[in-house]
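build me a model:
(one chain, ligands or ions: 1)
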Amino acid sequence: MEPLHHLIYQSKATMVFSGPQVSQLLNCVQQRNQAAGITGMLWYDGRRFLQIMEGPASTLEHVFSRICLDCRHTRVQVLANGPIGHRQFTTCATAIVSGSHPEDGSAPGSPHLAEQDEALWLLLEDFRLTAPPTALLVAAGHS
Ligand SMILES: Cc1cc2nc3c(=O)[nH]c(=O)nc-3n(C[C@H](O)[C@H](O)[C@H](O)COP(=O)(O)O)c2cc1C
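Next up is the predicted model:
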């Protein structure tokens, strides 16, 4: 069986997405990744994207090379890339992050994230804390 990898990156949006535009992107990502066997999470805070992807190494490589060419974002910065023992996510979920979320101590939109993975929690917490308070508050296709 092909080795399982994960890839985490952060990027900067090149445009201000309207509610329908961001919903369309997030829904498209969910559908494509489900079909490709990629699980993970994509967050958008109105300025930046943070995406965690996990799946067969060659599939990730292929999809990520397409993502890097996408002109809707720039300054793609890989934060982690390598083999993993098992998946942390059961689906490909998406979420809108806003810096004005209530301080309830939980990372936003991460229903499938295993709590024991401290590094991921810290990453998300940092993304959340630095999100602009005015991030778009549209309903994203949570799964
Ligand atoms: C921030 C961001 C994240 C994306 N994530 C994915 C993804 O996880 N999977 C995917 O198939 N496409 C993703 N896309 C869309 C791809 O960049 C690309 O538009 C899509 O795969 C269609 O490619 P194609 O027109 O060459 O078929 C993402 C786009 C952006 C801007």
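
before we move on, which element is the residue positioned nearest the centre of the chain in?
Centroid-nearest residue in the chain, with Cα atoms, centre = their mean: residue 42, separated by 1.9 Å. Using DSSP states H and E, residue 42 falls within strand 39-44.

can you check residue 21 too?
In this assignment (DSSP H and E), residue 21 forms part of helix 19-36.

coming back round to it: the residue nearest to the centre of the chain and residue 3, how far apart?
Distance of residue 42 to residue 3, given as Cβ to Cβ, to the nearest Å: 23 Å. C-beta coordinates here come from the backbone N, C-alpha and C atoms, glycine included.

how about residue 44?
On the measure of Cβ to Cβ, residue 44 and residue 3 end up 29 Å apart.

out of everything not next to it in sequence, what's closest to residue 67?
Residue nearest to residue 67 in three dimensions, not counting chain neighbours: residue 76, with 7.4 Å by Cβ to Cβ, 6 or more residues apart in numbering.

is it correct that that neighbour falls within a strand?
Yes. Per DSSP: H, G, I helix; E, B strand; the rest coil, residue 76 lies within a strand segment.

just give me the neighbour total for residue 47.
13 (other Cβ atoms under 10 Å).

would you agree it is in contact with residue 12?
Yes. With contact defined as Cβ atoms under 8 Å, residue 47 counts as touching residue 12 (6.8 Å).

neighbour count for residue 44 and residue 3, which is higher?
More crowded of residue 44 and residue 3, by other Cβ under 10 Å: residue 44, with 25 against 10.
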